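J.: Structural data only, the sequence is not supplied:
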């Protein structure tokens, strides 16, 4: 790890050196994303800050991952989002799922959890995507 920076009470960004690339890699962690019950203004504010972070990083470095609980469900029907996600979503899409997919499309990122079928956890009571 080269550095880390809290952006606000919900987002932190970490910068890592890489062996194979001379370009540093970034991991953006969202500790609390807007829930489906949050106001549209709250969701827009969160998305705006996150988009600014990704744009700023992509100008000079590599975005490796964005981690967090987005309260988003994406479907296996990925028409129109072929460049962003695979066909292994879970159930019916919700509003945050639409916002999530649009965000990834706008930032030219991939929802990697949708590229392969989910696996069962060792505990058997949850699915890992």
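T.: That came in fine, so what should we check first? In this text the structure is predicted, and so the values were computed from the model without any measurement.

J.: Can you show me the strands along the protein?
T.: 3-6, 11-16, 25-30, 62-68, 119-120, 127-128 (DSSP state E).

J.: Could you find the closest non-adjacent residue to the residue nearest the centre of the chain?
T.: The residue lying closest to the centre of the chain (CA atoms, centre = their mean) is residue 66, at 4.2 Å. Excluding its sequence neighbours, the residue lying closest to residue 66 (CB to CB, 6 or more residues apart in numbering) is residue 28, at 4.7 Å. Heads up, the C-betas are built off the backbone N, CA and C, glycines and all.

J.: Does that neighbour have any beta-bridge partners, and if so which?
T.: residue 13, residue 66 (DSSP bridges).

J.: Read off the pLDDT value for residue 3.
T.: pLDDT recorded at residue 3 is 92.

J.: Tell me the predicted confidence for the nearest residue to it once chain neighbours are set aside.
T.: Computed as CB to CB, 6+ apart, the closest residue to residue 3 that is not its neighbour in sequence is residue 15, at 4.8 Å. Note on residue 15: pLDDT of 91.

J.: Looks like residue 15 contacts residue 23 (just checking).
T.: No: with contact defined as CB atoms under 8 Å, residue 15 does not count as touching residue 23 (10.7 Å).

J.: care to break the protein down by domain?
T.: The chain breaks down into these domains under automatic domain parsing: 1-71, 77-129.

J.: These: lowest mean pLDDT?
T.: Lowest mean pLDDT of the domains of the chain: domain 77-129, a mean of 71.

J.: circling back to that earlier point, quick check: which of the strands of the chain has the most neighbours on average?
T.: Of all those, strand 25-30 has the most neighbours on average by mean count of other CB atoms under 10 Å, namely a mean of 19.
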